[in-house]
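1. Turn this into a structure:
(one chain, ligands or ions: 1)
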Amino acid sequence: MKSIAIVGAGIMGNGIAQVAAEGNYKVFLYDVNAEGLEKGIARIEKTLSRNVEKKKIDQSQSDEIHGRITPTGNINDLKDVDLVIEAIIEQIEPKKSLLTELDGICKPSTIFASNTSGLSITEMASAVRRSDKVIGMHFFNPVPVMQLVEIIRGEQTSDETFEIAHQVAERFNKTAISVKEAPLFAVNRILTPMINEAIFVLSEGIASAEDIDKGMMLGASHPIGPLALTDLIGLDTMLFVAETLYNETNDSKYRPAPLLKKYVRAGRLGRKSGQGFFTYD
Ligand code: 3HC
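-> So this is what the prediction gives:
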């Protein structure tokens with residue numbers, strides 16, 4: 001395994017590209033949107049130069065990592081990579097279409113991994129002929145900082161694909177856990193209801209956004225409050241994730257908080273749009 005392509009240069013995709021390059025892989029970062037691609041590369045450059053300032057790496061290491069990443073808007077550049085990790089919008093149909101397209105472009109041995117937060121790997125695999133080579137590799141935001149990768153097997157994922165995904169996670173300097181395919185897997189299944197409940201607490205006027213976050217940080221030792229965390233993840237992504245849990249389980253206890261929907265409709269998407277539960281420069 002020498003070369004990896006990341007599809008989608010957004011919050012998750014650019015972080016995955018960075019840790020892949022740090023793991024010594026040759027990396028293609030592909031996005032259909034040229035502006036999004038530019039922003040993704042700029043984000044990586046910012047993180048690398050911060051790491052140089054903090055003396056975690058020196059300038060030549062930073063240049064080497066940067067040099068291993070090739071940004072591209074041409075999907076055909078991905079034809080010879082050994083692994084593709086997709087990190088596009090959190091919706092099943094666009095993910096399936098992308099995989100079908102890649103199935104026609106990439107060499108037969110290329111493995112397809114999805115960074116989905118909780119959609120079905122088995123359903124994604126149904127969109128390609130190589131269903132034994134489809135797997136979930138779920139990273140956490142911010143990717144360069146968070147240690148975990150959840151590895152999720154679909155119904156037809158082979159033992160070999162599963163082993164390779166574990167080896168790749170290790171080369172990325174991450175710790176992998178194996179999780180059975182189920183709506184939202186393990187971590188988001190636990191985290192999402194907590195975040196959703198925090199939004200209900202806010203909308204019911206029980207406490208202010210600042211106090212909810214202060215409460216969970218000081219009273220439950222969370223490193224960041226649930227509302228600031230939602231701003232970091234993106235309210236739109238959080239809503240997709242919450243809707244997956246609700247729709248897949250049909251259990252009303254998981255219904256997404258109406259305030260979350262309202263903010264997404266208003267374009268309050270969190271840090272990336274400058275405003276979510278809090279306001280950013
Ligand atoms: N990229 C790279 N590095 C970053 C970063 C980013 N976006 N954000 C912060 N960092 C680094 C900082 O440079 C700093 O590094 P240092 O220790 O070497 O100085 C370190 O992280 C700590 O950052 P700060 O001092 O600025 O701020 P905090 O101490 O508040 O840490 C945080 C920020 C790491 C985001 C911390 O608040 C945290 O761990 N929060 C929890 C994050 C979390 O729960 N993520 C999971 C979300 S769920 C998910 O992603 C699943 C998806 O499917 C929805």
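2. residues from the protein in reach of the ligand?
-> Residues of the chain found near the ligand (CB under 6 Å from any ligand atom) are 47, 50, 54, 117, 140-142, 144-146, 188, 191, 223-224, 229, 233, 237, 241. All C-beta spots, glycine's among them, are computed from the backbone N, C-alpha and C.
3. For PyMOL, write a command that selects the buried ones of those.
-> Provided next is the PyMOL selection string for whichever of these are buried by 16 or more other CB atoms under 10 Å:
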select buried, resi 47+117+140+141+144+188+191+229+233+237+241
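4. what's Val52 in contact with, if anything?
-> 58-59, 62 (CB atoms under 8 Å, 6 or more residues apart in numbering).
5. so it is in which element?
-> helix 34-53 (DSSP states H and E).
6. Run a quick neighbour tally on the nearest residue in space to His138 that is not next to it in sequence.
-> Spatial nearest neighbour of His138, excluding adjacent residues (CB to CB, 6 or more residues apart in numbering): Glu150 at 4.1 Å. As a burial measure, Glu150 scores 21 neighbours (other CB atoms under 10 Å).
7. do you know how far Glu150 is from Ser117?
-> Distance, Glu150 to Ser117, using CB to CB, to the nearest Å: 9 Å.
8. shared neighbours, those two?
-> By CB under 8 Å, 6+ apart, Glu150 and Ser117 have these common neighbours: 138, 185.
9. all strands of the stretch 101-250 of the chain, in order?
-> With DSSP state E, counting those that start in this stretch as the criterion, the stretch 101-250 of the chain has strands at 111-114, 134-139, 148-153, 175-179.
10. Columns distance to Gly13 and mean pLDDT on top of the ones you listed, output as TSV?
-> Putting the strands of the stretch 101-250 of the chain into TSV (distance: least, CB to CB, whole Å; pLDDT from 0 to 100) gives the following:
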stretch	distance to Gly13	mean pLDDT
strand 111-114	12	98
strand 134-139	10	98
strand 148-153	15	98
strand 175-179	19	97
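11. how about the ones you listed in JSON lines, adding distance to His66?
-> What follows is the strands of the stretch 101-250 of the chain, written out as JSON lines (distance: least, CB to CB, whole Å):
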{"stretch": "strand 111-114", "distance to His66": "23"}
{"stretch": "strand 134-139", "distance to His66": "20"}
{"stretch": "strand 148-153", "distance to His66": "23"}
{"stretch": "strand 175-179", "distance to His66": "25"}
